[in-house]
Structures are given as structure tokens and as C-alpha cells.
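*Asks:* kindly return the folded structure for what I paste below:
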Amino acid sequence: SGIVTATGNDGGSGIGGGQKYRNTNTGGGGTVIINGGTVTANGQNLGSDIGRGEGNTTTGVCIILGGTVTATNGKFGTNAGIKVNEDGTLEVYGDLTLPADITIPEGKTLIIPSGTTLTVPEGVTLTNNGTIINNNGFTNNGTVINNGTFTNNGNLVETNHNYTNGFCICGEYELAEEKD
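*Replies:* Now for the predicted structure:
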């Protein structure tokens, strides 16, 4: 844990991408994962605080699992990610495919609300040490290690049966075709 203050320049985001250059699609948001500490991000002009820079259509992903994150202008230039709500719960926004292994910390609750989805792709591990509540769509094509609680009130799709420890299936369950 530490303190980071990031400020973009002329159309660039505080954390993520820079301003689009001419007719190229450079300056996308990339992948931002914050696990703790104090982070202040300040985009300049039309750049996002976190995510893409000015004029970009490539958005990237922002995942905030802990710490205190301030987007000074309230601009997140990402279409999908995990944010921290005022009550401390973690919430998926957009249709999120995890870009890397992540861990839901003990004592934290991740909510997948109506209108959003969370996908664990092949080669990626989601470790749950807290609580996950699926109210819409959860797909596992990778690995889920469940050391906490998983409650399914939505659609649950898996393709490889790769779960470690208990898994509470409390709603509709769809089993995809087996891989060869």
C-alpha cells in the first residue's frame, strides 16, 4: 500500500491511455488493476481520469479491489471493470472478461448486477476469499477457486468444470458442452 497521484497531459488520462494520434487508434485504456493504497487520478482536457485518452474508442478495463481511489473529474474511460461502491461492496460494470488473475479479498462482496456479466477466460484464475453474488451472468472458461461464498441468482455457464472448493448453485445453471 502506498500513495499514487497520476495526472495526464493534454487529452491524456491520469492512469491508462494517452490522446489519440491522428487516424491511429493509439492511446487506449489498457488494463488497470488496483489492489490497495491511495490512488488519485486526474485526466486532462477530454482525457479520462482512469481509462482511455481523448478521442479513443479502445477502452481497456479497470478493476479496483481495494484501497481508496479518487477520479478527480469522475471520468472512467472504460466500458467494463470492477468498482468500489460507497458501502464498500465491489460491483461489476459492463461485460467484463477478466484480463488477469484476480482475488476477491476476505470480507469483500463482489456483486454482478442485472445488465452486466463476468467471464473468467481460459488461462485466468478467479480466487474468491469473500462473497460473490451473481444477479445476472457468470461464465467460467478458466479456473475458479472458491474459499468463500458464491450465490447464483442469475445465469451460470461453465465449460470446463474447473472449480476448487465448494460452490453454491442457488439459481439457474447451464452446463456448456464439454471440451475435447
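*Asks:* quick one: Leu98 and Gly88, what's the gap?
*Replies:* From Leu98 across to Gly88, the span is 21 Å (CB to CB, to the nearest Å). Backbone N, C-alpha and C define where each C-beta goes, glycine included.
*Asks:* neighbour count for those two, which is higher?
*Replies:* Leu98 (20 against 10; other CB atoms under 10 Å).
*Asks:* Val32 against Gly16, yeah?
*Replies:* Yes. Shown here, Val32 and Gly16 form a contact pair, counting by CB atoms under 8 Å, at 6.0 Å.
*Asks:* show me what contacts the most centrally placed residue in the chain?
*Replies:* Central residue of the chain (CA atoms, centre = their mean): Gly81, 2.9 Å from the mean position. Taking CB atoms under 8 Å, 6 or more residues apart in numbering, we find Gly81 in contact with 61-64, 92-94, 96.
*Asks:* the host helix or strand of Val32: how far from the chain's middle?
*Replies:* Assigned by DSSP states H and E, Val32 belongs to strand 31-34. Put simply, strand 31-34 sits 8 Å off its chain's centre (CA atoms, centre = their mean, to the nearest Å).
*Asks:* and that strand, what does it pack onto?
*Replies:* Packing contacts for strand 31-34, counted by 3 or more CB pairs under 8 Å, 6 or more residues apart in numbering; DSSP states H and E, involve strand 61-64.
*Asks:* pull the residues that contact the next helix or strand after the strand it packs on.
*Replies:* Note on strand 61-64: by DSSP H and E, the next helix or strand toward the C-terminus is strand 68-71. Identification of contacts with strand 68-71 by CB under 8 Å, 6+ apart yields 14, 34, 37-41, 48-50, 84.
*Asks:* of those residues, select the buried ones using a PyMOL command.
*Replies:* A single PyMOL command selects the buried members of the contacts of strand 68-71 (16 or more other CB atoms under 10 Å):
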select buried, resi 14+34+39+40+41+48+49+50+84
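*Asks:* and the pLDDT at the closest residue to Val120 other than its chain neighbours?
*Replies:* Distances taken as CB to CB, 6 or more residues apart in numbering put Gly142 closest to Val120, at 4.1 Å, once the chain neighbours are dropped. With respect to pLDDT, Gly142 scores 87.
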